[in-house]
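J.: quick one: sequence plus predicted model below, questions after.
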Amino acid sequence: MKRFSVILFLFFFVQLSAQKANNNFPQPTQSQLQWHEMEFYLFTHFGPNTFTDKEWGTGNETEDAFNPTQLDCKQWCRVAKEAGAKGIIITAKHHDGFCLWPSKYSTHTVRESKWKNGKGDVLKELSDACKEYGLKFGVYISPWDRNHPKYGTAEYNDVFINMMKELFSNYGPITELWWDGANGEGPNGKKQAYDWHRFERTVHELSPNTVVFSDIGPDIRWVGNENGIAGKTNWNLLDTAGFSRGLGAPPNDTLREGNVNGKNWIPAECDVSIRPGWFYHANEDEKVKSAEQLFDLYLKSVGRGANLLLNVPPDRRGLINEKDAASLIGFKKLRDENFKNNLLKRAMEIDKSHKSLDGKTEIVRMLILKEPIKINCLVLKEPIQNGQLIKNVDIILSNHGTEQKKISITTIGRKRIISFPTEEVSEISFIITHAKAKPQFGEIAGYLMDEKLIEQERFLWTSDRI
């Protein structure tokens, strides 16, 4: 039986400091820190595609196709709130060019539709509802426009900027602005040369606290897939020099994992739909992801230091469908039930650092329990306001000095959720084996989750029971 020596029980610890001691490393802005704390929020793809059963509209759909007979944005917010989501991002303008607000810079908007006799404004209703329910409000606006006659000319950049000015002036505050990098042909058969630098400058001037999403930020990056899954190694850092949005973006594996020595703090957002498609289609009502599937996505997004943006498309009535709502409420129940009892809350800490065999200083934090417990989930946090510094951590699960299992992970970031087959333990050691600089641990929690929900990650098991 392999046993720890008494010396290993006297592990070091570096006390947490509120001061930023690592100013040479990228750190998040206050707006980015607030974004990190959101964790989970909803995407709502809504527009003519909802009524034509398309995913990408052609731009020549009649405005009257858009006619939600029972639109109730308060219902969207009630469902979001009950699901524990912190906000809603709506597709104000998708690639078809149809505007869900009566823009002065387009003739393809809700104003030209029969919905509410042309007096409706989806963005107004949703932004007001979000304020009422205490939710953050975000806007997706595609620069690609398959309807606008000026698309493909220099004048269209002015159109797009004026549309953004309308959004910030009439519907703010906007927490997140979502830019799709798609760039196809417009009605004149031409593609647009987007003036991204001007777009960024405009947003910063209009709303400096808004975080902007795209392939390369500047504030949040795409995770490189639409499956809602971040990399097991996930750096909040990204190098953007030489890359552009859309086809010129970094490789998907780079977007998924970030850059270990990246120069910019651009964390990953995991977008995924609760249905096979992004817009509502009645034939997908029986294909809505279950509460258990959503919980698994939570572990693989938020649980890897990213944020989860879950698309829940309103149906043709203008309501979040009952099938989707049921899964969302079930998802919230699973999170509440499985993360309600922190088994390590009263553990005694013994913290130390020591020299490893290769001469490096290892930062160690050890938790000792009064009596053995069964556990299968650990939640680690890093104080990211000081940057992301931890590269590798070994986690040793022991029972009365006998090592039961060793788990090796890479990054932690804002939150790392690690699940494993249930073990009975009386001690848990966390050894930071590699870090960029003097690293710090944040909160550590432990849970006994429902075994059926455990993420089947293939950790590096370096030792087993003997």
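T.: The structure has been received and is ready for your questions. Numbering: from 1, shown residues only.
J.: show me the beta-bridge partners of the residue nearest to the spatial centre of the chain.
T.: What sits nearest the mean C-alpha location of the chain, by C-alpha atoms, centre = their mean, is Asn307, with 1.9 Å. Counting by DSSP bridges, Asn307 forms beta bridges with Glu269.
J.: and it, how far from Ile161?
T.: 27 Å (C-beta to C-beta, to the nearest Å). Every residue, glycine included, has its C-beta placed from N, CA and C.
J.: on that earlier part again, quick one: contacts for the residue nearest to the centre of the chain?
T.: When contacts are counted by C-beta atoms under 8 Å, 6 or more residues apart in numbering, Asn307 touches Trp35, His36, Met38, Glu39, Phe40, Tyr41, Ile220, Pro267, Ala268, Glu269, Cys270, Ser301.
J.: distance check, it against Pro102.
T.: 31 Å.
J.: just Ile428 next, same as before
T.: 58 Å.
J.: likewise for Ser31?
T.: Here the criterion is C-beta to C-beta. By it, Ser31 lies 29 Å from Pro102.
J.: same thing with Ala85?
T.: Taking C-beta to C-beta, one finds Ala85 at 27 Å from Pro102.
J.: can you list the domains in the chain?
T.: Taking automatic domain parsing as the reference, the chain has its domains at 39-311, 348-461.
J.: out of the ones you listed, deepest packed?
T.: domain 39-311 (a mean of 20; mean count of other C-beta atoms under 10 Å).
J.: between the two ends of it, how far is it?
T.: 14 Å (C-alpha to C-alpha, to the nearest Å).
J.: please renumber so the chain begins at 55
T.: That works, and once the first residue is 55, the last one we named lands at domain 93-365.
J.: let me see the mean pLDDT of it.
T.: The average pLDDT within domain 93-365 is 97.
J.: centre of the chain to that domain, how far?
T.: On the basis of C-alpha atoms, centre = their mean, to the nearest Å, domain 93-365 sits 13 Å off its chain's mean C-alpha point.
J.: for the helix or strand hosting Ile429, packing partners?
T.: For Ile429, the host element (DSSP states H and E) is strand 415-434. Counting by 3 or more C-beta pairs under 8 Å, 6 or more residues apart in numbering; DSSP states H and E, the packing neighbours recorded for strand 415-434 are strand 402-409, strand 444-453, strand 470-489, strand 498-501.
J.: what's near enough to touch the closest residue to Arg165 other than its chain neighbours?
T.: What sits nearest to Arg165 in space, not counting adjacent residues and going by C-beta to C-beta, 6 or more residues apart in numbering, is Pro156, at 3.8 Å. Pro156 is in contact with Thr163, Val164, Arg165, Gly172, Asp175, counting by C-beta under 8 Å, 6+ apart.
J.: the second one and Gly192: what is the separation?
T.: With distances defined as C-beta to C-beta, the gap from Val164 to Gly192 amounts to 19 Å.
J.: since we're on Gly384, how many residues are nearby?
T.: 16 (other C-beta atoms under 10 Å).
J.: next, the contact list for the nearest residue to it once chain neighbours are set aside, please.
T.: Nearest residue to Gly384 in three dimensions, chain neighbours excluded: Ala345, at 3.0 Å (C-beta to C-beta, 6+ apart). Counting by C-beta under 8 Å, 6+ apart, Ala345 makes contact with Ser381, Leu382, Ile383, Gly384, Phe385, Lys387, Leu388.
J.: please redo it, this time with the cut-off set to 7 Å
T.: Contact partners of Ala345, counting by C-beta atoms under 7 Å, 6 or more residues apart in numbering, are Ser381, Gly384, Phe385, Leu388.
J.: which parts of the stretch 105-254 of the chain are helices?
T.: Assigned by DSSP state H, counting those that start in this stretch, the helices in the stretch 105-254 of the chain fall at 127-136, 176-187, 209-225, 250-260.
J.: dump those into TSV; add distance to Pro305 as well.
T.: Formatted as TSV, these follow (distance: least, C-beta to C-beta, whole Å):
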stretch	distance to Pro305
helix 127-136	33
helix 176-187	35
helix 209-225	28
helix 250-260	20
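J.: tell me which of those helices sits nearest to Asn237.
T.: helix 250-260 (10.8 Å; C-beta to C-beta).
J.: which is the next helix or strand following that closest one?
T.: Downstream of helix 250-260 (by DSSP H and E), the next one is strand 265-268.
J.: name every strand pairing with that following strand and say which way it goes.
T.: Partners of strand 265-268 in its sheet, by DSSP bridges: strand 230-232 (parallel), strand 274-276 (parallel).
J.: let's have the ones you listed in JSON lines, adding distance to Asn306.
T.: Output for the strands paired with strand 265-268, formatted as JSON lines (distance: least, C-beta to C-beta, whole Å):
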{"stretch": "strand 230-232", "distance to Asn306": "18"}
{"stretch": "strand 274-276", "distance to Asn306": "9"}
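J.: so which of those comes closest to Asn337?
T.: Using C-beta to C-beta, the nearest of these to Asn337 is strand 230-232, at 26.8 Å.
J.: list of residues touching the closest one?
T.: In contact with strand 230-232 (C-beta under 7 Å, 6+ apart) are residues Trp89, Ile143, Gly192, Val193, Tyr194, Val257, Thr264, Val265, Val266, Phe267.
J.: 8 Å instead?
T.: Here strand 230-232 has contacts from 89, 141, 143, 190, 192-195, 218, 221, 257, 264-268, 274, using C-beta under 8 Å, 6+ apart.
J.: same question, stretch 176-186
T.: Residues contacting stretch 176-186 (C-beta under 8 Å, 6+ apart): 98, 100, 125, 127-128, 130-131, 141-142, 144, 146, 154-155, 164, 189-191, 193, 221, 224-226.
J.: kindly report the same for stretch 250-259.
T.: 197, 211, 214-215, 218-219, 222, 231, 233, 264, 266, 272, 298-299.
J.: and of those, the nearest to Pro368?
T.: Leu231 (20.6 Å).
J.: now do the contacts for the closest residue to the closest one other than its chain neighbours.
T.: Distance criterion C-beta to C-beta, 6+ apart; nearest residue to Leu231, sequence neighbours excluded, is Val266 at 5.0 Å. Going by C-beta under 8 Å, 6+ apart, Val266 touches Glu230, Leu231, Trp233, Glu254, Val257, Pro272, Asp273, Ile274.
J.: from those residues, which two are the most distant?
T.: Using C-beta to C-beta, the pair of those lying farthest apart is Glu230 and Glu254, separated by 14.3 Å.
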